[in-house]
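Peer 1: sequence-free structure coming up:
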């Protein structure tokens, strides 16, 4: 837009001209001033209905006006950043959310949660990994995971973003990275917000494994048929050019869009739901109990909240910034969130600032009475001790999770006896209160100096480095043939690693809370590792109702000389054949004295007899008092009768 300059006459001031100049400057400023997010993007007007998403598919953030059509050749994948975040949704605000910001070191880590577990069957490795620096985990770069390797290993059970997009260039360069071929893994909004029954999250995970990062969202959406594997094409491959077919091993990515999905305006219908369904959450957050005592799927009960009609997102809420409320007490979050914890929802905000109206019973939650329960239980125990996860047994059970075992991904074999090994429930301290936890015992190859073990973390030797050094001494890396390492294999591998000098120290293998190293005479020596405590994270679900809670059977559910709560056994999982590490009793994790606990347990078991004796003693005392009262009354009556006879005789 051009603006004519106002005419200023010689020797005179043209007020009309100045007015036109001011108007023009104001218009220019209005057109060019920075716009806020509320003005740049479509802002909801408060209507509770879900907007109909009939929109064009856009292939690239730099080509915002170039819509994809079903006849395009070659057919390009759609870009969620361009399609969803081009004009309507603030993508830059969304990518700061909890599911995407883990690599950002400026974000507070929050309470420890489920880690990513780097598992390598051949080297017997299982290491808890997290970019959030939770105590007990290792950062990806410490275990040899660049953003590229991290995305391929764990991106299938994320909604994208993070290391796959915004932070893809951080944590060191990777010569093996193929971002130019694969494209970046943008946040797929439909991972959570799709209500389309054709949306297949398993295809998202499969295509990430194939290095089809830019195609993963399209493949999962159901809009197109996806073929090809970017992993098979050379670095020089161009998605805009057809394959020559010269190399039969090349199988380049290609798409064929379903024509019926498009209207004449090249628009497709996204079946968007504002509140994600539980199935969307379950793909990444499923627990599968395993082992001889594990129930079959049909024998399990779903979380009591879900059966009551709630959704996961009713408690785990967020705004546009996608800062999902995790729902634990003490979580740093905006005002109002305290009532989205267990205690807050059922009892209300009991802080002094809330005043007398605590607003208990949110969303129809029953207000528990806990009649007869000493108040110290609410000071020392979390709600989840009694109500969450499986009931404790004499030994901790094993569980598989979606993220650790690729649950939900088609074509994956899920053997019960294959790593990584996770146990539950194990009762441990969680920020001052006892809570049930999942635990895993790290297993890794490392180097460390004997003299500084108490102060310095061992330097992890990445699995690929171990494989290169171990030659033919390793076990099978095939899930169908996996076997634990033997003592002889460990000795050979340590010998190979010892031949490589490293200032970090001697090589060791850590597994099941034990460390294995070469003695001076070349034999294999072992002992309890100084970091023998496993990595643990709290259990929140499934939630059980009152009748199935721990304690519903009385005080002796916990306070007994053989209760699983205190005396249950946790057998450390070892990656070594015929190795049986010493079991750890539950009271050791809680720092309790077993003699004191047994004394308490015996006292609780004898309580019925104490009550019988007490009631009998009270009855005898009452009878004696009644007898003496009767005798006293008789004496008074006799005295009164004798006095009357004397007066009458006088």
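Peer 2: Right, received. Where do you want to start? Nothing here was measured: the structure is a model prediction, and the numbers come from that model.
Peer 1: residue ranges of the strands in the stretch 501-650 of the chain, please?
Peer 2: 506-511, 514-518, 524-528, 535-538, 569-570, 584-585 (DSSP state E, counting those that start in this stretch).
Peer 1: How about the stretch 51-200 of the chain?
Peer 2: 53-56, 116-120, 125-129.
Peer 1: Relative to residue 324, which of the strands of the stretch 501-650 of the chain is closest?
Peer 2: Evaluated over those, closeness to residue 324 peaks at strand 535-538, with 16.1 Å, by C-beta to C-beta. Glycine gets a C-beta too; all of them are placed from N, C-alpha and C.
Peer 1: Mind listing the strands the closest one pairs with, and their directions?
Peer 2: With DSSP bridges as the test, strand 535-538 is paired with strand 433-440 (antiparallel).
Peer 1: Any chance of the strands of the stretch 51-200 of the chain in TSV with mean neighbour count as columns?
Peer 2: Putting these into TSV (neighbours: other C-beta atoms under 10 Å) gives the following:
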stretch	mean neighbour count
strand 53-56	16
strand 116-120	22
strand 125-129	24
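Peer 1: Could you point out which of these sits nearest residue 92?
Peer 2: Nearest of the strands of the stretch 51-200 of the chain (C-beta to C-beta): strand 53-56, 19.3 Å.
Peer 1: just to revisit the earlier point, hey, least reliable of the strands of the stretch 501-650 of the chain by pLDDT?
Peer 2: For the strands of the stretch 501-650 of the chain, mean pLDDT drops lowest on strand 524-528, to a mean of 83.
Peer 1: ok, and for stretch 231-238, which residues are buried?
Peer 2: The neighbour-count check on stretch 231-238 (16 or more other C-beta atoms under 10 Å) flags 233, 237 as buried.
Peer 1: okay if I get the strands of the stretch 501-650 of the chain as CSV plus distance to residue 73 and mean neighbour count?
Peer 2: Formatted as CSV, the strands of the stretch 501-650 of the chain follow (distance: least, C-beta to C-beta, whole Å; neighbours: other C-beta atoms under 10 Å):
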stretch, distance to residue 73, mean neighbour count
strand 506-511, 54, 24
strand 514-518, 59, 20
strand 524-528, 62, 14
strand 535-538, 49, 23
strand 569-570, 59, 17
strand 584-585, 62, 18
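Peer 1: mean pLDDT lowest for which of the strands of the stretch 51-200 of the chain?
Peer 2: Minimum mean pLDDT among the strands of the stretch 51-200 of the chain: strand 53-56, a mean of 91.
Peer 1: what helices or strands is that strand leaning on?
Peer 2: strand 267-270 (3 or more C-beta pairs under 8 Å, 6 or more residues apart in numbering; DSSP states H and E).
Peer 1: and the strand it packs on, what other elements does it pack with?
Peer 2: strand 53-56.
Peer 1: Which of the strands of the stretch 501-650 of the chain sits closest to residue 99?
Peer 2: strand 535-538 (16.5 Å).
Peer 1: so how far is the closest one from its chain's centroid?
Peer 2: Counting by C-alpha atoms, centre = their mean, to the nearest Å, strand 535-538 is centred 10 Å from the centre of its parent chain.
Peer 1: can you give me the strands for the stretch 201-350 of the chain?
Peer 2: 224-227, 254-257, 267-270, 287-290.
Peer 1: Kindly reformat those as TSV containing mean pLDDT and distance to residue 183.
Peer 2: As requested, those are arranged in TSV below (pLDDT from 0 to 100; distance: least, C-beta to C-beta, whole Å):
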stretch	mean pLDDT	distance to residue 183
strand 224-227	94	14
strand 254-257	93	13
strand 267-270	94	20
strand 287-290	93	33
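Peer 1: Measure how buried residue 494 is and give me the count.
Peer 2: Per other C-beta atoms under 10 Å, the neighbour tally for residue 494 reads 23.
Peer 1: hang on, it packs against residue 510?
Peer 2: No - Residue 494 is beyond contact range of residue 510, at 11.9 Å (criterion: C-beta atoms under 8 Å).
Peer 1: what residues are shared contacts of the two?
Peer 2: Listed as contacting both residue 494 and residue 510 by C-beta atoms under 8 Å, 6 or more residues apart in numbering are residue 516.
Peer 1: pLDDT on the lengthiest helix in the chain, on average?
Peer 2: Counting residues, the longest helix in the chain under DSSP state H turns out to be helix 607-649. For helix 607-649, the mean pLDDT works out to 77.
Peer 1: one step back: save the strands of the stretch 201-350 of the chain as JSON lines, and put in mean neighbour count too.
Peer 2: Output for the strands of the stretch 201-350 of the chain, formatted as JSON lines (neighbours: other C-beta under 10 Å):
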{"stretch": "strand 224-227", "mean neighbour count": "17"}
{"stretch": "strand 254-257", "mean neighbour count": "17"}
{"stretch": "strand 267-270", "mean neighbour count": "18"}
{"stretch": "strand 287-290", "mean neighbour count": "17"}
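Peer 1: Reformat these as JSON lines; add distance to residue 110.
Peer 2: Shown next, in JSON lines, are those (distance: least, C-beta to C-beta, whole Å):
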{"stretch": "strand 224-227", "distance to residue 110": "36"}
{"stretch": "strand 254-257", "distance to residue 110": "39"}
{"stretch": "strand 267-270", "distance to residue 110": "31"}
{"stretch": "strand 287-290", "distance to residue 110": "20"}
